[in-house]
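1. Fold the following, please.
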Amino acid sequence: MYQGIADYLEIMKLAGVSELKNTAPNKTARSKSPTQSSALGASSLGAPVANAAPLAVAPADLASLPKAEQLRYLAEEVAQCTFCTSLASSRTQTVFGVGNPDASLVFLGEAPGVDEDKQGEPFVGRAGQLLTDIIEKGMQMRREDVYICNILRCRPPGNRNPMPDEAEHCRPFLDRTLNIIKPKYICCLGAVAAQNLLNTKQKIGELRGEVWDYNSVKVVCTYHPAYLLRNPAAKKDTWDDIKILLRELAR
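-> Residues are numbered from 1 along each chain as shown. This next block holds a predicted model:
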């Protein structure tokens, strides 16, 4: 019961915060498995927070709260993170995640772009519109019924790929997000997302077309929507991947 608050206080200790104000409201197919580095719950600590304003203290029974509330506390913690100095100094804001906290399907990208950095929401630019079309027109689902997030919660300068240490610093936030949502399926969008989630160096072409197992979560990998904008011919391959995902979803 007290593990959540203990973890939170440890994060604050690492950040050098000695006093916290409690501003929280009162409680009223083939299956393959590449080498993996961590389980969904392998890490309970986020990246240390440096020179950050005190956050509202997470309640001791955080895990008993609705998933949306748990994600809100985590998003507040992410917003204060400055562990990756270059990212923290260049970002407009952090980009946490969006969608249904009870979603059975999570779409995982690599990092926010310029539009996401401005709006604070993942996949809102041209690539985001294409992802919405895939979800709504192709899969006949609503965007708000799935959950969408990225490996990184900050935009890399120049929209470059995440550096290994940046992905490592942000990994606890991803693990904890997945721990809260507890999806049954994950769709990795692009090589960066797939390689980081599955801890593999295999290319996206080698990861496509299969259903991978990640700690009992079924994972389908496909091209990133931004790649499809540059290479429209790959849309056919992506649709083949989405059909695999639909089969697993029994849709």
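2. Now do the end-to-end distance for stretch 108-122.
-> Taking C-alpha to C-alpha, to the nearest Å, stretch 108-122 runs 10 Å from one end to the other.
3. per-residue confidence averaged over that stretch?
-> Averaging pLDDT along stretch 108-122 gives 97.
4. which residues touch it?
-> Outside stretch 108-122, the residues within contact range by C-beta atoms under 8 Å, 6 or more residues apart in numbering are 91-98, 123-125, 127-128, 148-156, 159, 161-162, 174, 186-190, 192-193, 196-197, 224, 226. Using the backbone N, CA and C atoms, a C-beta is placed for each residue, glycine as well.
5. mind checking how far it is from the chain centre?
-> On the basis of C-alpha atoms, centre = their mean, to the nearest Å, stretch 108-122 sits 11 Å off its chain's mean C-alpha point.
6. Tell me the buried residues in that stretch?
-> For stretch 108-122, a neighbour-count test (16 or more other C-beta atoms under 10 Å) marks 108-113, 115-117, 120-122 as buried.
7. Break down the stretch 101-250 of the chain into its helices, ranges please.
-> With DSSP state H, counting those that start in this stretch as the criterion, the stretch 101-250 of the chain has helices at 114-119, 126-133, 164-181, 191-198, 204-207, 225-230, 235-249.
8. Minimum distance to D102: which of those has it?
-> helix 164-181 (7.3 Å; C-beta to C-beta).
9. what packs against the closest one?
-> Applying 3 or more C-beta pairs under 8 Å, 6 or more residues apart in numbering; DSSP states H and E, one finds that helix 164-181 contacts helix 67-79, strand 105-109, strand 147-150, helix 191-198.
10. which among the buried residues of stretch 108-122 gets closest to V217?
-> V217 has its nearest neighbour among the buried residues of stretch 108-122 in L108, at 10.9 Å by C-beta to C-beta.
11. What's the separation between the closest one and T85?
-> Noted for L108: a distance of 25 Å to T85, by C-beta to C-beta, to the nearest Å.
12. ditto for N199
-> 25 Å.
13. which one of these two has more residues nearby?
-> N199 (13 against 9; other C-beta atoms under 10 Å).
14. Chain neighbours aside, what residue packs nearest to A226?
-> Take A226 and drop its neighbours on the chain: the residue closest to it by C-beta to C-beta, 6 or more residues apart in numbering is A127, 4.1 Å away.
15. okay, now that neighbour: neighbour count?
-> A127 has 22 nearby residues by other C-beta under 10 Å.
16. go on, the one 10 residues further on?
-> The local packing count at K137 equals 9, with neighbours defined by other C-beta under 10 Å.
17. next one: K218
-> 20.
18. For it, give me its contacts.
-> Residues near K218 by C-beta under 8 Å, 6+ apart: 31, 184-186, 211-212, 248.
19. Reformat those residues as a markdown table; add neighbour count.
-> Shown next, in a markdown table, are the contacts of K218 (neighbours: other C-beta atoms under 10 Å):
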| residue | neighbour count |
| --- | --- |
| S31 | 10 |
| K184 | 14 |
| Y185 | 18 |
| I186 | 24 |
| V211 | 17 |
| W212 | 23 |
| E248 | 17 |
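20. Closest one of these to A63?
-> A63 lies nearest to K184 out of the contacts of K218, by C-beta to C-beta, at 19.5 Å.
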